[in-house]
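A.B. asks: make a model of this:
(4 chains)
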Protein chains: 2
Amino acid sequence: MDDRPTGAAFLLTQLGTHAARRFGERVAAVDLTPPQAGLVRAVAREPGRSQQALAERLGTPATRLVALVDALEERGVLERRRNPDDRRLYAVHLTPDGEALRDDLGRLAAAHEDALLAALDPAERRTLADLLGRVAAAEGLTPGVHPGYRDLPADRGSQGAPPCGT
Amino acid sequence: MDDRPTGAAFLLTQLGTHAARRFGERVAAVDLTPPQAGLVRAVAREPGRSQQALAERLGTPATRLVALVDALEERGVLERRRNPDDRRLYAVHLTPDGEALRDDLGRLAAAHEDALLAALDPAERRTLADLLGRVAAAEGLTPGVHPGYRDLPADRGSQGAPPCGT
DNA sequence: CGAGAATCATTACAAGCGAGAATGATTGAC
DNA sequence: GTCAATCATTCTCGCTTGTAATGATTCTCG
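C.D. replies: Numbering: from 1, shown residues only, chains lettered A, B, ... in the order given. Next up is the predicted model:
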């Protein structure tokens, strides 16, 4: 449909959106929303952190984390433990069920990666990961975490992205 | 921060989000939201289309286009022309100002691409575009257009995406 | 020629999501 | 021992998006 060769930047936003959606579909299979999945991963990475620490790590307002933790705690995935030393803050931990869920997510992510990059052979995948990693590093993105979504103006509407293909 | 080598799929969503945001910042410089920029581009590509045709092309509900076109028409960028043959539908066209804006967007997109991929030399950029293009084709994405955003469950919250890095 | 189905644009409505400000409890500094 | 600072929480507001109902016009078919 497009006459000109599509630019890499445009492909990046297009594929990024697509990949995020596909991943969202996958985590829905274990009854998680993408934000919830992100929280599980963050807690698994550094157990016992306070909610505020998690919020800063994820680049989200702390108020948002409250509801997120609430839902996952009710479900028995996460638990809040009081810190005897400082009773203001909670320490967020994974329950045994939570650890099982974390493992599920790992398998899910691997399957996602495999399906998404089905068109590339292993060597090409490494090349792609290398190129993307260098761009990400140059842009100052934290390896394990999404950029601050807070400032995102309208990634949502997203007809906005196509024009960069020009 | 991340211990394991980050997977390409995760990098894709991370960079895609980042690229979309950066592009949003750029179009804000000409007082456009990303969705508006997408609409300008779509009209420039095929002038005279009906609003419903545009809606289907962009994968957005037709009702959303009304407000979008309203704003840009008020601003003197777009104009609705009655079709004498079928007076139900409007033909959406670019005004001279709109064409100038389209050219601005083109330059903007080029600058965006250049800045985003500053870490790569021309050959590497071609390699990246090639790999991404093949993945996009395999995933059945329409070259010039974003995937249907309508079904997007929670690309927004977006802590969801990080976990695929596992 | 006329009645009914279909299509395009528009408006009005309701819902979901996220962000920001104010509140309470607890702790560290002086 | 008092005051400022920190963490968690609740509440409220604004924004964006999708769905449903309305009006006007055109095509189809008897």
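A.B. asks: could you list the residues of chain A in contact with DNA strand D?
C.D. replies: Within chain A, the positions adjacent to DNA strand D are A:50-53, A:62-63, A:66, A:69-70, A:80, A:88-90, A:154, A:156-157 by C-beta under 7 Å from any atom of the strand. Placement of C-beta: from N, CA and C, glycine included.
A.B. asks: ok, which of those also contact DNA strand C?
C.D. replies: Applying C-beta under 7 Å from any atom of the strand to the residues of chain A next to DNA strand D, one finds that A:63, A:88 fall near DNA strand C.
A.B. asks: now flag whichever of the residues of chain A next to DNA strand D is closest to residue A:109.
C.D. replies: Among these, residue A:69 lies closest to residue A:109 (C-beta to C-beta), at 21.7 Å.
A.B. asks: and residue A:63, what helix or strand is that in?
C.D. replies: Secondary-structure assignment from DSSP states H and E places residue A:63 in helix A:62-74.
A.B. asks: hmm, I was thinking of residue A:41
C.D. replies: According to DSSP H and E, residue A:41 maps onto helix A:34-45.
A.B. asks: chain center to that helix, what's the gap?
C.D. replies: Averaging C-alpha positions (C-alpha atoms, centre = their mean, to the nearest Å) puts helix A:34-45 8 Å from its chain's average.
A.B. asks: with stretch A:26-46 instead?
C.D. replies: 8 Å.
A.B. asks: pLDDT averaged over that stretch - what is it?
C.D. replies: The average pLDDT within stretch A:26-46 is 93.
A.B. asks: mind listing what residue A:137 touches?
C.D. replies: Applying C-beta atoms under 8 Å, 6 or more residues apart in numbering or on different chains to residue A:137 gives the contacts residue B:119.
A.B. asks: how far away is it from residue B:119?
C.D. replies: Counting by C-beta to C-beta, to the nearest Å, the gap from residue A:137 to residue B:119 is 7 Å.
A.B. asks: swap in residue A:128?
C.D. replies: Separation of residue A:128 from residue B:119 (C-beta to C-beta): 14 Å.
A.B. asks: which one's more surrounded, these two?
C.D. replies: More crowded of residue A:128 and residue B:119, by other C-beta atoms under 10 Å in any protein chain shown: residue A:128, with 23 against 15.
A.B. asks: okay, buried residues for the helix or strand harbouring the more buried one please.
C.D. replies: If you go by DSSP H and E, residue A:128 is part of helix A:122-138. Neighbour counts over helix A:122-138 (16 or more other C-beta atoms under 10 Å in any protein chain shown) mark A:124, A:125, A:127, A:128, A:129, A:131, A:132, A:133, A:135, A:136 as buried.
A.B. asks: circling back: do any residues in the next helix or strand after the helix holding residue A:63 lie close to chain B?
C.D. replies: From helix A:62-74 onward toward the C-terminus, using DSSP H and E, the following helix or strand is strand A:78-82. No - using C-beta under 8 Å from any C-beta of the partner chain, we find that strand A:78-82 stays clear of chain B, coming within 14.0 Å at best.
A.B. asks: so whatever helix or strand comes next after strand A:78-82, near chain B or not?
C.D. replies: Where DSSP H and E defines the elements, the next helix or strand beyond strand A:78-82 is strand A:90-94. No - using C-beta under 8 Å from any C-beta, strand A:90-94 stays clear of chain B, with a minimum separation of 13.4 Å.
A.B. asks: report the buried residues of strand A:90-94.
C.D. replies: So, applying 16+ other C-beta under 10 Å, buried residues of strand A:90-94: A:90, A:91, A:92, A:93, A:94.
A.B. asks: cool, stretch A:44-52 as well?
C.D. replies: A:44, A:45, A:49, A:50, A:51.
A.B. asks: over to stretch A:83-101?
C.D. replies: A:90, A:91, A:92, A:93, A:94, A:98, A:101.
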